[in-house]
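**Student:** Below is the structure, and that's it, no one-letter string:
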(Lines give C-alpha, C1' and ligand atoms only; values in the text may rest on other atoms or scores of the structure.)
Protein backbone atom coordinates (compact mmCIF):
# COMPACT_ATOMS: atom_id res chain seq x y z
CA UNK A 1 0.00 0.00 0.00
CA UNK A 2 2.80 2.43 0.88
CA UNK A 3 4.95 1.43 -2.10
CA UNK A 4 4.50 4.82 -3.75
CA UNK A 5 5.48 6.64 -0.55
CA UNK A 6 8.54 4.41 -0.14
CA UNK A 7 9.54 5.17 -3.73
CA UNK A 8 9.32 8.92 -3.08
CA UNK A 9 11.35 8.55 0.14
CA UNK A 10 14.03 6.55 -1.75
CA UNK A 11 14.11 9.24 -4.41
CA UNK A 12 14.61 11.99 -1.82
CA UNK A 13 17.30 9.97 0.00
CA UNK A 14 19.18 9.55 -3.29
CA UNK A 15 19.48 13.34 -3.60
CA UNK A 16 22.98 14.63 -2.72
CA UNK A 17 23.53 15.87 0.86
CA UNK A 18 20.24 14.43 2.15
CA UNK A 19 20.75 12.31 5.26
CA UNK A 20 17.22 11.93 6.53
CA UNK A 21 13.61 12.16 5.46
CA UNK A 22 10.27 11.94 7.26
CA UNK A 23 6.60 12.06 6.25
CA UNK A 24 3.80 12.53 8.80
CA UNK A 25 0.04 13.04 8.74
CA UNK A 26 -1.87 16.02 10.18
CA UNK A 27 -2.08 14.38 13.61
CA UNK A 28 1.68 14.06 13.84
CA UNK A 29 1.74 10.33 13.20
CA UNK A 30 4.78 9.19 11.26
CA UNK A 31 3.92 7.65 7.88
CA UNK A 32 7.49 6.99 6.81
CA UNK A 33 11.00 7.87 7.90
CA UNK A 34 14.48 7.09 6.73
CA UNK A 35 18.05 8.01 7.66
CA UNK A 36 18.73 10.37 10.57
CA UNK A 37 15.08 11.45 10.80
CA UNK A 38 13.66 9.86 13.95
CA UNK A 39 10.05 8.64 14.08
CA UNK A 40 9.57 10.44 17.41
CA UNK A 41 10.13 13.87 15.87
CA UNK A 42 7.10 13.53 13.54
CA UNK A 43 4.81 15.31 16.03
CA UNK A 44 7.25 18.14 16.52
CA UNK A 45 7.69 18.61 12.77
CA UNK A 46 3.92 18.78 12.18
CA UNK A 47 3.62 21.24 15.10
CA UNK A 48 6.31 23.47 13.57
CA UNK A 49 4.61 23.46 10.15
CA UNK A 50 1.24 24.25 11.76
CA UNK A 51 2.78 27.07 13.76
CA UNK A 52 4.37 28.53 10.61
CA UNK A 53 1.02 28.30 8.76
CA UNK A 54 -0.54 30.54 11.44
CA UNK A 55 1.57 33.53 10.34
CA UNK A 56 -0.44 33.91 7.15
CA UNK A 57 -3.28 31.37 7.29
CA UNK A 58 -4.89 32.64 4.07
CA UNK A 59 -1.82 31.76 2.00
CA UNK A 60 -0.72 28.27 1.07
CA UNK A 61 1.55 26.56 3.63
CA UNK A 62 5.11 27.94 3.60
CA UNK A 63 8.39 26.04 3.51
CA UNK A 64 10.13 26.19 6.88
CA UNK A 65 13.90 25.86 7.00
CA UNK A 66 15.74 25.33 10.29
CA UNK A 67 19.50 25.75 10.04
CA UNK A 68 22.52 24.98 12.16
CA UNK A 69 26.11 25.65 11.08
CA UNK A 70 26.33 22.40 9.14
CA UNK A 71 22.81 21.04 8.74
CA UNK A 72 19.39 22.04 7.49
CA UNK A 73 15.90 20.77 8.16
CA UNK A 74 13.31 21.64 5.50
CA UNK A 75 9.64 21.25 6.41
CA UNK A 76 6.79 21.56 3.92
CA UNK A 77 3.11 20.83 4.34
CA UNK A 78 0.93 19.63 1.48
CA UNK A 79 -2.74 19.16 2.33
CA UNK A 80 -2.78 16.97 5.42
CA UNK A 81 0.67 15.54 4.81
CA UNK A 82 3.85 17.14 6.16
CA UNK A 83 7.28 16.23 4.85
CA UNK A 84 10.68 16.96 6.37
CA UNK A 85 14.08 16.63 4.77
CA UNK A 86 17.27 16.65 6.84
CA UNK A 87 20.22 17.90 4.83
CA UNK A 88 23.92 18.44 5.24
CA UNK A 89 24.88 21.93 4.08
CA UNK A 90 26.89 21.76 0.88
CA UNK B 1 19.65 60.71 38.94
CA UNK B 2 22.50 60.35 36.47
CA UNK B 3 22.99 56.72 37.52
CA UNK B 4 19.45 55.91 36.41
CA UNK B 5 19.51 57.92 33.21
CA UNK B 6 22.72 56.36 31.83
CA UNK B 7 21.29 52.84 31.22
CA UNK B 8 18.15 54.35 29.71
CA UNK B 9 20.20 56.37 27.22
CA UNK B 10 22.32 53.31 26.47
CA UNK B 11 19.34 51.08 25.76
CA UNK B 12 17.75 53.79 23.59
CA UNK B 13 20.97 54.03 21.59
CA UNK B 14 21.09 50.24 21.16
CA UNK B 15 17.51 50.28 19.87
CA UNK B 16 18.46 52.99 17.40
CA UNK B 17 21.35 50.81 16.19
CA UNK B 18 18.96 47.85 15.76
CA UNK B 19 16.54 50.06 13.83
CA UNK B 20 19.27 51.34 11.53
CA UNK B 21 20.52 47.80 10.82
CA UNK B 22 17.05 46.40 10.17
CA UNK B 23 16.24 49.25 7.77
CA UNK B 24 19.32 48.36 5.71
CA UNK B 25 18.30 44.73 5.06
CA UNK B 26 17.77 44.40 1.28
CA UNK B 27 14.16 43.84 0.14
CA UNK B 28 12.99 44.27 3.74
CA UNK B 29 9.25 45.01 4.03
CA UNK B 30 8.91 44.64 7.78
CA UNK B 31 10.84 43.74 10.92
CA UNK B 32 10.51 42.87 14.57
CA UNK B 33 13.07 42.83 17.39
CA UNK B 34 11.84 40.75 20.32
CA UNK B 35 13.07 39.76 23.75
CA UNK B 36 13.54 36.05 24.43
CA UNK B 37 10.07 35.86 25.96
CA UNK B 38 8.42 37.48 22.92
CA UNK B 39 7.97 41.10 24.00
CA UNK B 40 8.28 43.54 21.10
CA UNK B 41 11.28 45.87 21.50
CA UNK B 42 11.32 47.33 18.01
CA UNK B 43 9.13 46.96 14.97
CA UNK B 44 8.61 48.52 11.57
CA UNK B 45 7.10 48.17 8.11
CA UNK B 46 4.39 45.54 7.67
CA UNK B 47 5.27 43.98 11.04
CA UNK B 48 4.84 47.20 13.02
CA UNK B 49 3.48 46.36 16.48
CA UNK B 50 2.53 42.91 15.19
CA UNK B 51 2.29 41.03 18.47
CA UNK B 52 0.45 38.15 16.79
CA UNK B 53 3.49 37.32 14.64
CA UNK B 54 5.76 37.91 17.67
CA UNK B 55 3.88 35.23 19.65
CA UNK B 56 3.91 32.80 16.73
CA UNK B 57 7.66 33.29 16.23
CA UNK B 58 8.54 32.72 19.90
CA UNK B 59 6.37 29.59 19.97
CA UNK B 60 8.09 28.40 16.80
CA UNK B 61 11.52 28.91 18.37
CA UNK B 62 10.61 26.96 21.50
CA UNK B 63 9.22 24.16 19.29
CA UNK B 64 12.34 24.08 17.12
CA UNK B 65 14.51 23.45 20.18
CA UNK B 66 12.88 20.04 20.54
CA UNK B 67 13.43 18.75 16.99
CA UNK B 68 15.07 15.38 16.55
CA UNK B 69 17.86 14.82 19.08
CA UNK B 70 19.33 12.18 16.71
CA UNK B 71 19.67 14.37 13.61
CA UNK B 72 20.52 17.49 15.61
CA UNK B 73 22.47 16.87 18.81
CA UNK B 74 21.73 19.19 21.77
CA UNK B 75 25.02 21.00 21.08
CA UNK B 76 23.78 21.92 17.61
CA UNK B 77 21.45 24.85 18.17
CA UNK B 78 19.50 26.21 15.23
CA UNK B 79 20.94 29.58 14.31
CA UNK B 80 18.50 30.59 11.61
CA UNK B 81 14.87 29.82 10.75
CA UNK B 82 13.32 30.86 7.46
CA UNK B 83 9.67 30.65 6.48
CA UNK B 84 9.25 30.92 2.73
CA UNK B 85 6.06 31.83 0.89
CA UNK B 86 5.71 32.27 -2.88
CA UNK B 87 6.63 35.95 -3.01
CA UNK B 88 8.06 36.79 0.41
CA UNK B 89 9.85 35.15 3.31
CA UNK B 90 10.45 35.61 7.01
CA UNK B 91 13.91 35.23 8.45
CA UNK B 92 14.31 34.59 12.17
CA UNK B 93 17.67 34.81 13.98
CA UNK B 94 18.69 35.03 17.62
CA UNK B 95 21.55 37.18 18.83
CA UNK B 96 22.45 38.80 22.14
CA UNK B 97 19.32 37.34 23.80
CA UNK B 98 17.15 39.09 21.25
CA UNK B 99 15.07 37.62 18.45
CA UNK B 100 15.30 39.34 15.09
CA UNK B 101 12.52 38.76 12.56
CA UNK B 102 12.66 40.24 9.04
CA UNK B 103 9.99 39.99 6.39
CA UNK B 104 11.57 40.21 2.95
CA UNK B 105 10.32 40.23 -0.62
CA UNK B 106 11.61 37.52 -2.89
CA UNK B 107 13.22 39.02 -5.94
CA UNK B 108 13.97 35.76 -7.81
CA UNK B 109 12.19 34.70 -11.02
CA UNK B 110 8.65 33.42 -10.45
CA UNK B 111 9.63 30.10 -12.05
CA UNK B 112 10.78 28.77 -8.66
CA UNK B 113 7.86 29.18 -6.28
CA UNK B 114 8.32 28.05 -2.68
CA UNK B 115 12.07 27.62 -3.10
CA UNK B 116 14.12 28.16 0.02
CA UNK B 117 16.76 30.85 -0.18
CA UNK B 118 19.77 29.98 1.91
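**Tutor:** Sure, I can see it. The structure displayed is predicted, hence computed values, not measured ones.

**Student:** Show me which residues of chain A sit near chain B.
**Tutor:** Listed as neighbours of chain B in chain A under the rule CB under 8 Å from any CB of the partner chain: A:19-20, A:36-38, A:40-41, A:44-45, A:47-48, A:51-52, A:54-56, A:59-60, A:62-74, A:76, A:86, A:89. Every residue, glycine included, has its C-beta placed from N, CA and C.

**Student:** What number of neighbouring residues does the residue nearest to residue B:105 when sequence neighbours are not counted come out with?
**Tutor:** Among residues not flanking residue B:105 along the chain, residue B:27 sits closest, at 4.4 Å (CB to CB, 6 or more residues apart in numbering or on different chains). Counted by other CB atoms under 10 Å in any protein chain shown, the residues lying close to residue B:27 total 12.

**Student:** And for chain A, the residue most distant from the center?
**Tutor:** Distance from the C-alpha centroid of chain A, by CA atoms, centre = their mean, peaks at residue A:58 (21.5 Å).

**Student:** Next, give phi and psi for it.
**Tutor:** Here is the backbone geometry of residue A:58 (degrees, to the nearest 10): phi -80, psi -10.

**Student:** ok so, going back, now, which of the residues of chain A next to chain B lie within helices?
**Tutor:** Among the residues of chain A next to chain B, the members falling in helices (DSSP state H) are A:44-45, A:47-48, A:51-52.

**Student:** and of the residues you listed, the nearest to residue B:78?
**Tutor:** residue A:48 (10.8 Å; CB to CB).

**Student:** any idea how far residue B:73 is from the closest one?
**Tutor:** Here the criterion is CB to CB, to the nearest Å. By it, residue A:48 lies 18 Å from residue B:73.

**Student:** Compare these two and say which is more crowded by neighbours.
**Tutor:** Per other CB under 10 Å, whichever of residue A:48 and residue B:73 has more neighbours is residue A:48, with 26 against 11.
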